[in-house]
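**Q** Need a 3D model of the following:
(chains A and B)
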Amino acid sequence: MATKGFSRGQTQVLFRHLPEAVFEHDDYGLCKVTQVALGDAEVNREALFDAIADALAMWPADFVKKYPDPRDTGKRSIYAVGSPREVRFTPYPQIFKCRTCSRTGRFTDLLKRGAAPNGRCSCGGYLNQMRYVQAHNCGRLEEIFVPQMRCPNGHGAADLAFYDPGRVKQARWYCAQCKADVQALRMTPCKCAYNDSLPKGPRAEKYLRVVPTGDPSLYIPHTVAFINFPEDVQGRLRGSADALTLMLARTWGLLPDTVGHTLRERANTGNQEDNDSMAAMVEQLRKFDPTNELVRKYDARKSKPKGQDAIDAVTKLLSEQGVSVGGTPRRWLVEHTTLLDQTDISTIDDVASMLRRAGDEAGALDIEDGKRKAAELLGIEHIRVVNDFPLALCAYGYTRTARDPARTVITPFPVDDRGRIPVYAIASETEALWFQLDPQRVYAWLLENGLTAGLMPVTREEAWARLYAEIPGLREAPHEPYYNQREAAAVRTLLHTMSHLFLSRIEWSGFAPSSVGEYLIPGSLSFMLYANRHAETKIGGLTTLFEQRLNTWLWDAAQSGRECVYDPICSDDGGSCAGCTHREHNCVAFNRELSRATVYGGPTPQSSAFDGLQIQQGFWKNAWQATPTQ
Amino acid sequence: MSAAADIRQRLARPDGVRRVGQALWMMVGEPMQLTRLLWARGHLGPRGDELLWQALEEEHCLEGEQLLLEPHMLSKFLCAVWRDSDDQRPVRELVWTLPSALRVEGIEPDGYVREAVRLISGAKQRVLIVSPYLEPKGIGQLQAPLLEALGRGVDVTLVAHDVEDLTSLASAALEPLRRESRGSAGGLAVYSALAIAEVLLHLKVVVADGIAAVVGSANVTGKGFGKNLEAGASLGADAAREVEAVVQAVIEQGFVALAYSR
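**A** As a prediction, this is how the structure comes out:
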């Protein structure tokens, strides 16, 4: 039968029309997708394979054996990654039943028996596709088994009819001529890894299950979303000399230019061949005109390569804290600088200017007031909107009959004509709000609550250096020695709690809390709230919130977050429960490291890194002053 | 033969060892260069300076980027050179993990993990870690030095059980290391012991550059490095090379399989 093609939106394809899916086409009836052509997809392949590895890790080892290990760079060439571009399908199942006489048979058998290819039975009735198939937990899909035997009265397979009462146990094959019973639906056994995992002995699960073609459990695509940081370029710079220092300088606000550009300029300065010819030319020019502007610029550049001031500043700040800068930048730092350098960011000042240009002076004053209150009362140094926060969604396989990894074998999509396993990914740009706390305020908060000791840093740069030197746990991964350092856990809890409190009032944006994800970068005192959308268009809810209601939203979140319906029990027990800070969806830390005490003061959870310590000074102790004036 | 063993054969006792030791001891704490060892040719013969430099490197006597001569390791090196040829015991030091409830005077309770970290931090070319069991809390303690080593181009090889299984604790333990090491100059190769091979992978070693090793009972786990009573021996170049050779044979003869590499 000829293969037909059709087009759908990429997201729709990713959820409903991937290879081996059965669907109903408006023109061709029931069909099975045979292939989805791959187009280009701009995804960070490292992040994609990490996401697939995380997803596959949910299945028992024997249930993911069809997948080459995505962690192994040598095996990644077995996967073909791309966006779904064109769907190809074929009619399926090819078992037909007469609407008039219920005679049933395979399409090829019906043709042989004289059933015309115009879709009519030998009795003249219309033939319809059988709306049942068989599926197993291992991913196997079969058409219904059609018996080939004669009926007890000797009538042949051409008279085989199907009685469909809507229940598998009562469905029967019978003879259309004499109405004699032939047999019940056959339970097809399966020999697969899933059955091997089951206890010995008869079990219904060991047989293929008859499923209506419209049953959602017949085909369950498995997708995974990930943040698609365009960090390939930045990642390559990790090995450069001074990369760590420059990234720190950029994060601490000491480097105005991008890290990539600065590193490239520094590398060019070191190009020996160019340097030699340039030096010769400059020396010739110097002989004629020692005060020439080009000569002076050259001398300045040679004496101080680009970014050297920032490097010197970071080195000096850290050496004053007894820390020598060295090594490769960690992932969090690469992510932070990548977002800063390679995304389209709007600041509050940008928006205020835009509003003034549009003649909305009141709006400009309001957002500037929001900025002031955020800085002075909420300890937030920067609030930015990222207009192209990179998200991606990829489909890596499917299951049948269930979604639960313990009860299904995940099956990769059929290999393409080059023998590679397709992985379908779509990259999208969504909107995000990026909050970065004031390092001086954070340090002061730690000091006020006895979480650290010493003198208050005089400048914000010194505060950054002190946090870097004294709280290594902020930049470590879980299970590294300092990760559970109490100061680090305190700052992470503060960031995470603030993130959840702002999310609790995210309805101001028009998004439901479940539609907004969070991402924390504790090393840079940052957290992000992003719209969890994979469509090609942006709704603009977070951007509008930022531009028009920032002041109101911040105040509302800060005020309403103070209370919980389970108070005083909740606040006495650490200020974290399903009634206040816990989120049902999209929490990166599974609702750990949360406490309203960090922002409002009070006892912390007993089981946390704080050991029930009483926070005397909440980070938002002055937030009440943010009450909007009429 | 290690450079230290070669020097031991070339030096006359006791005067030769005393003179070399005296000259080296006067340089303790100073940055070293090959040109500062030219005097060694008089004691060790032609290219004696290069041989001594190699020995100082192999025995981890040079510390940091400035290659400062480190007294503790220098003393161990001189002790090794001092022993006569009939008593070629390797440089050896016991290291321990002591349970928190147990304190023994003169023994570092976390000496085992500190020695492993020291070896990794000093590695210049390659690090080999074999540990049947891996846990996040164990590998977490080695993660920073391993990342630093990978960043400066050191190749890291890990051998453990169950790493090919994405769901295993060992896999989970190694994921942060694998992801953080992306883009590093050094390579990371992770091998998994095969369940079908009727050989139990049971040794626990950390080897750096084939010139120093810690061999003992502790797995790279939170308990192995922090709660159990574990003992190990810090060994020199001869033993380190032997361990490397055995593990290499284990890999080549198919007792373990490559789970992934980068």
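**Q** A:P478: what's it in contact with?
**A** Contact partners of A:P478, counting by CB atoms under 8 Å, 6 or more residues apart in numbering or on different chains, are B:136, B:140, B:176. C-beta: built from backbone N, CA, C; applies to glycine.
**Q** wait, is it part of a helix?
**A** No: per DSSP: H, G, I helix; E, B strand; the rest coil, A:P478 lies outside any helix segment and is coil.
**Q** where along the stretch 51-200 of chain B do the strands fall?
**A** When secondary structure is read from DSSP state E, counting those that start in this stretch, the stretch 51-200 of chain B shows strands at B:62-63, B:68-69, B:92-97, B:126-130, B:155-161, B:188-193.
**Q** how close does A:I220 get to A:D404?
**A** As judged by CB to CB, to the nearest Å, A:I220 and A:D404 stand 10 Å apart.
**Q** who has more neighbours, these two?
**A** Counted by other CB atoms under 10 Å in any protein chain shown, A:I220 and A:D404 do not tie: A:I220 has more neighbours, with 17 against 12.
**Q** How is the chain partitioned into domains?
**A** I went with chain A, as the question did not name one. A:94-212, A:231-331 (automatic domain parsing).
**Q** Can you look at chain B instead?
**A** B:3-86, B:92-261.
**Q** Tell me which of those domains sits most buried.
**A** domain B:92-261 (a mean of 20; mean count of other CB atoms under 10 Å in any protein chain shown).
**Q** averaging pLDDT over each of the domains of chain B, which comes out lowest?
**A** Mean pLDDT is lowest for domain B:3-86 among those, at a mean of 86.
**Q** about what we covered before: return the member of the contacts of A:P478 nearest to A:N137.
**A** Of all the contacts of A:P478, B:P136 has the smallest distance to A:N137: 31.3 Å, by CB to CB.
**Q** just to revisit the earlier point, I'd like the domains of chain A as TSV, with mean neighbour count, mean pLDDT and distance to chain B appended.
**A** Listed next are these as TSV, based on neighbours: other CB atoms under 10 Å in any protein chain shown; pLDDT from 0 to 100; distance: least, CB to the nearest CB, whole Å:
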stretch	mean neighbour count	mean pLDDT	distance to chain B
domain A:94-212	16	88	13
domain A:231-331	16	82	3
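**Q** quick one, what contacts the nearest residue to A:L185 once chain neighbours are set aside?
**A** Among residues not flanking A:L185 along the chain, A:A171 sits closest, at 5.2 Å (CB to CB, 6 or more residues apart in numbering or on different chains). Shown in contact with A:A171 (CB under 8 Å, 6+ apart): A:162-165, A:184-185, A:210.
**Q** mean confidence score for stretch A:355-370?
**A** 92.
**Q** what does stretch A:424-436 give?
**A** Taken as a whole, stretch A:424-436 has an average pLDDT of 92.
**Q** got the CA positions of it in PDB?
**A** Presented in PDB, the C-alpha positions along stretch A:424-436 are these (Å, rounded to 0.1, in the frame of the first residue of the first chain):
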ATOM      1  CA  TYR A 424      13.300  14.200  17.800                       C
ATOM      2  CA  ALA A 425      14.000  17.500  19.300                       C
ATOM      3  CA  ILE A 426      12.600  21.000  19.100                       C
ATOM      4  CA  ALA A 427      14.300  24.000  20.400                       C
ATOM      5  CA  SER A 428      12.300  27.000  21.500                       C
ATOM      6  CA  GLU A 429      12.900  30.300  23.000                       C
ATOM      7  CA  THR A 430      10.800  31.300  25.900                       C
ATOM      8  CA  GLU A 431      10.600  34.200  28.300                       C
ATOM      9  CA  ALA A 432      12.200  34.200  31.700                       C
ATOM     10  CA  LEU A 433      12.700  36.500  34.600                       C
ATOM     11  CA  TRP A 434      16.200  36.500  36.100                       C
ATOM     12  CA  PHE A 435      16.800  37.500  39.700                       C
ATOM     13  CA  GLN A 436      20.200  38.100  41.200                       C
END
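**Q** May I see the buried residues of that stretch?
**A** Counting neighbours by 16 or more other CB atoms under 10 Å in any protein chain shown, one finds that the buried residues in stretch A:424-436 are A:424-436.
**Q** how about the helices of chain B, start to end?
**A** Using DSSP state H, the helices of chain B run over B:3-10, B:15-25, B:41-44, B:48-58, B:71-82, B:111-122, B:136-151, B:169-180, B:222-226, B:237-252.
**Q** Ignore what I typed, I meant the stretch 501-630 of chain A.
**A** Ranges of helices in the stretch 501-630 of chain A, per DSSP state H, counting those that start in this stretch, are A:541-548, A:550-560, A:569-572, A:597-600.
**Q** Please work out which of the ones you listed is packed deepest.
**A** Most buried of the helices of the stretch 501-630 of chain A by mean neighbour count (mean count of other CB under 10 Å) is helix A:597-600; its value is a mean of 26.
**Q** can you list contacts of it?
**A** Here helix A:597-600 has contacts from A:490, A:493-494, A:497-498, A:501, A:558, A:561-562, A:571, A:574-575, A:603-604, A:614-615, A:618-621, A:623, using CB under 8 Å, 6+ apart.
**Q** which residues does the residue minimising distance to the centre of chain A contact?
**A** The centroid of chain A falls nearest to A:F226 when counting by CA atoms, centre = their mean (2.4 Å). By CB under 8 Å, 6+ apart, the contact list for A:F226 reads A:47-48, A:50-51, A:391-394.
**Q** now do A:T315
**A** A:T315 neighbours (CB under 8 Å, 6+ apart): A:245, A:325.
**Q** For it, pull up the helix or strand it's in.
**A** Under the criterion of DSSP states H and E, A:T315 resides in helix A:308-320.
**Q** same check, this time on A:C31
**A** Element membership for A:C31 (DSSP H and E) is strand A:29-39.
**Q** so what strands line up beside that strand?
**A** Paired strands of strand A:29-39, with direction, are strand A:22-25 (antiparallel), strand A:79-91 (antiparallel) (DSSP bridges).
**Q** Rebuild those as JSON lines, extending it with mean neighbour count, distance to A:F511 and mean pLDDT.
**A** Formatted as JSON lines, the strands paired with strand A:29-39 follow (neighbours: other CB atoms under 10 Å in any protein chain shown; distance: least, CB to CB, whole Å; pLDDT from 0 to 100):
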{"stretch": "strand A:22-25", "mean neighbour count": "16", "distance to A:F511": "30", "mean pLDDT": "92"}
{"stretch": "strand A:79-91", "mean neighbour count": "19", "distance to A:F511": "25", "mean pLDDT": "92"}
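**Q** Is A:V386 part of a helix or strand, or is it coil?
**A** Secondary structure state of A:V386, per three-state DSSP, is strand.
**Q** and it, how many neighbours does it have?
**A** A count of nearby residues for A:V386, using other CB under 10 Å, gives 22.
**Q** who's in contact with it?
**A** So A:V386 contacts A:339, A:343-345, A:431-434, A:528, A:530 (CB under 8 Å, 6+ apart).
**Q** sorry, back to before: closest one to chain A among the strands of the stretch 51-200 of chain B?
**A** Of all those, it is strand B:188-193 that lies closest to chain A, at 8.2 Å by CB to the nearest CB.
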